[in-house]
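task: produce atomic coordinates for the following.
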Amino acid sequence: MKMYETTQSVERYLNVELECSCGRTHYAPIKAVNIGKGAINSLPDYMARFGYQKPYILCDPVTYRVAGEKCEALLREAGYAPQVLVIRHLGFDEATLGEIVIHKPEDCDVMIGCGTGSITDMLRYSSFKLKLPCFTVCTGAPMDGFAASVGIMNVDNLKATMPAHNTELIIGDTDILAGAPWRMTLAGFGDLIGKLSSLQDWRVAALVNGDHYCRQIDRLVTDYVEDIMARTGSLKARQPEALGAVLNGLLLTGTVISLYGSSRPISGAEHHMSHYWEVLGDQRGKDYAMHGEQVAVGTVLALMMAEELLSAQVDFAAARRDAAAYDPQTWEAEIRRAYGSAAGAILELEEEAGKNRPEGRLRRIDRIEAHWDEIRALLEKGYPSGDLRQMLKDLGCPSDPKDIGLTEEILKDSFRYCKETRARYTVYQMIWDLGLTEALSDRVMEKLKRLGAL
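Coordinates of the predicted model:
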């Protein structure tokens with residue numbers, strides 16, 4: 001059937017092929033979503049409906065108490081004999097994967113993850129590698145990965161996006177969500193509003209880098225983000241329907257990864273900053289903040305940089321001279337300094353992608369100049385960074401670098417090098433292409449100091 005021209009509920013995008021005018025067929029192989037009061041009680045019914053008999057439940061010590069124990073009891077009452085793994089290796093890395101594989105029952109036919117980001121990422125990746133279907137029971141709503149077709153895990157000291165598959169079922173019991181730490185819900189809100197910058201990046205990348213673009217997917221994500229931003233009053237009051245709306249929005253944006261075939265529409269400069277901070281945190285033994293909190297701060301910063309670009313005097317001839325003078329040895333030395341033990345993976349990525357090579361950069365500068373009026377028009381439509389910052393503050397969500405423990409040195413390196421975490425065109429790559437990274441980041445940092453945000 002044809003892709004919907006108007007935005008629909010999440011359920012209408014599941015397990016149906018949608019032929020789109022963008023030239024792609026959008027498909028998300030998720031079979032069911034159940035969000036509501038007491039939704040966890042439906043788990044045995046879905047086991048029977050989908051014909052599974054031997055469940056393997058994954059959780060950590062906290063999520064076992066929150067939902068895993070209930071899932072185990074419900075399944076036992078229904079006549080199943082679930083095997084439960086309370087994961088001990090919480091680095092969510094190669095050791096975690098090994099633990100999951102070692103304890104998997106030989107006759108397991110479905111894996112069930114109880115948790116949020118890391119648990120469900122490991123669930124989708126491990127079940128993909130083991131060629132098993134999986135279900136997800138959400139214990140909070142801090143990020144949009146529940147419906148994703150990829151998994152994030154630590155590989156060689158770097159956050160890596162791994163091939164995975166979709167969960168067949170997502171259960172979001174609003175009674176459980178209401179009991180989750182408020183910080184988790186705010187992090188989920190932060191991950192959702194990150195689409196303000198990722199969509200802006202995608203639109204620009206279509207003009208500058210020739211990235212494929214889908215108007216319907218853009219509209220779909222935009223509508224869900226605008227909906228949750230209109231609910232900040234009820235969200236602040238912690239009303240159950242608002243909590244459900246956050247999870248609904250996160251499920252939709254996660255589903256978009258499958259519908260579109262990549263995370264391009266929902267992950268841009270704001271996520272690159274978060275990935276960089278996570279790398280530093282892992283190496284320094286410090287968690288700067290939850291993923292969604294980092295994305296919220298990264299979104300404000302990305303919008304601020306775009307605003308500074310609009311007010312800058314762009315010298316295209318100077319940008320071409322800067323591109324021609326690129327020194328890969330100097331860049332490599334800086335990457336080794338900025339990324340530490342994760343530098344090897346970054347260098348491999350650049351060797352494969354070649355996004356910083358002069359010839360590619362010069363081609364992009366030509367396209368930026370040719371489309372400069374269109375690019376300016378897109379950036380001028382961006383959500384005002386000051387308004388977003390105030391909205392986050394009103395909700396109690398981190399909005400400033402200081403809120404998540406970032407120093408001036410880390411922030412400066414973030415502006416310079418966070419773009420290297422992915423071979424994806426964003427406002428930071430465009431600003432670098434134009435030779436304006438140092439000047440514009442200095443201006444943003446001075447503004448942050450005046451605001452008391454750094």
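
what about the helices in the stretch 1-150 of the chain?
Taking DSSP state H, counting those that start in this stretch as the criterion, the stretch 1-150 of the chain contains helices spanning 43-50, 61-63, 69-77, 94-103, 117-129.

right, so the ones you listed: which one is the most enclosed?
Per residue and on average, the most neighbours among these fall to helix 117-129, with a mean of 25 (mean count of other Cβ atoms under 10 Å). C-beta here means a position set from N, CA and C on the backbone, and glycine is covered the same way.

that one - contacts with which helices or strands?
Helix 117-129 makes packing contacts with strand 55-59, helix 94-103, strand 110-115, strand 134-138, strand 150-155, strand 158-163 when contacts are defined by 3 or more Cβ pairs under 8 Å, 6 or more residues apart in numbering; DSSP states H and E.

quick one: average pLDDT of that helix?
For helix 117-129, the mean per-residue pLDDT is 89.

tabulate the helices of the stretch 1-150 of the chain (TSV), appending distance to residue 315.
Shown next, in TSV, are the helices of the stretch 1-150 of the chain (distance: least, Cβ to Cβ, whole Å):
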stretch	distance to residue 315
helix 43-50	60
helix 61-63	53
helix 69-77	60
helix 94-103	47
helix 117-129	42
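
of all these, which one is nearest residue 138?
Comparison of the helices of the stretch 1-150 of the chain against residue 138 by Cβ to Cβ identifies helix 117-129 as nearest, at 7.9 Å.

name the surrounding residues that touch the closest one.
With contact meaning Cβ atoms under 8 Å, 6 or more residues apart in numbering, helix 117-129 is reached by 58-60, 63, 87, 90, 92, 96-97, 100-101, 111-113, 115, 133-134, 136, 138, 142-143, 145-146, 148-153, 162-167, 291.

ranges for the strands of the protein?
Residue ranges of the strands in the chain, as given by DSSP state E, are 18-19, 25-26, 32-36, 55-59, 83-86, 110-115, 134-138, 150-155, 158-163, 169-173.

could I get these as JSON lines with distance to residue 349 and mean neighbour count?
Output for these, formatted as JSON lines (distance: least, Cβ to Cβ, whole Å; neighbours: other Cβ atoms under 10 Å):
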{"stretch": "strand 18-19", "distance to residue 349": "32", "mean neighbour count": "15"}
{"stretch": "strand 25-26", "distance to residue 349": "28", "mean neighbour count": "18"}
{"stretch": "strand 32-36", "distance to residue 349": "34", "mean neighbour count": "19"}
{"stretch": "strand 55-59", "distance to residue 349": "30", "mean neighbour count": "26"}
{"stretch": "strand 83-86", "distance to residue 349": "33", "mean neighbour count": "17"}
{"stretch": "strand 110-115", "distance to residue 349": "29", "mean neighbour count": "28"}
{"stretch": "strand 134-138", "distance to residue 349": "28", "mean neighbour count": "27"}
{"stretch": "strand 150-155", "distance to residue 349": "12", "mean neighbour count": "21"}
{"stretch": "strand 158-163", "distance to residue 349": "9", "mean neighbour count": "18"}
{"stretch": "strand 169-173", "distance to residue 349": "31", "mean neighbour count": "25"}
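
include distance to residue 311 when you put these into a markdown table, please.
As requested, those are exported to a markdown table (distance: least, Cβ to Cβ, whole Å):
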| stretch | distance to residue 311 |
| --- | --- |
| strand 18-19 | 41 |
| strand 25-26 | 38 |
| strand 32-36 | 43 |
| strand 55-59 | 49 |
| strand 83-86 | 53 |
| strand 110-115 | 44 |
| strand 134-138 | 42 |
| strand 150-155 | 35 |
| strand 158-163 | 33 |
| strand 169-173 | 43 |
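
among the ones you listed, which is nearest residue 316?
In terms of Cβ to Cβ, the element of the strands of the chain nearest to residue 316 is strand 158-163, at 33.5 Å.

show me what the mean pLDDT comes to for the closest one.
Here strand 158-163 scores 74 as its mean pLDDT.

parallel or antiparallel, list what pairs with it.
Partners of strand 158-163 in the sheet, by DSSP bridges, are strand 150-155 (antiparallel).

now distance to residue 247 too, for the helices and strands packed on helix 117-129, in a markdown table please.
Listed next are those as a markdown table, based on distance: least, Cβ to Cβ, whole Å:
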| stretch | distance to residue 247 |
| --- | --- |
| strand 55-59 | 18 |
| helix 94-103 | 25 |
| strand 110-115 | 14 |
| strand 134-138 | 7 |
| strand 150-155 | 19 |
| strand 158-163 | 22 |
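
please name whichever of those is nearest to residue 246.
With distances scored as Cβ to Cβ, the stretch of the helices and strands packed on helix 117-129 nearest to residue 246 is strand 134-138 (10.8 Å).

what is the orientation angle of the closest one with helix 117-129?
Strand 134-138 and helix 117-129 meet at an angle of 170 degrees, taking axes from the mean of the first three to the mean of the last three Cα atoms, to 10 degrees as the criterion.

in terms of secondary structure, what does strand 134-138 contact?
Counting contacts by 3+ Cβ pairs under 8 Å, 6+ apart, strand 134-138 is packed against helix 43-50, strand 110-115, helix 117-129, strand 169-173.

thanks a lot, catch you later.
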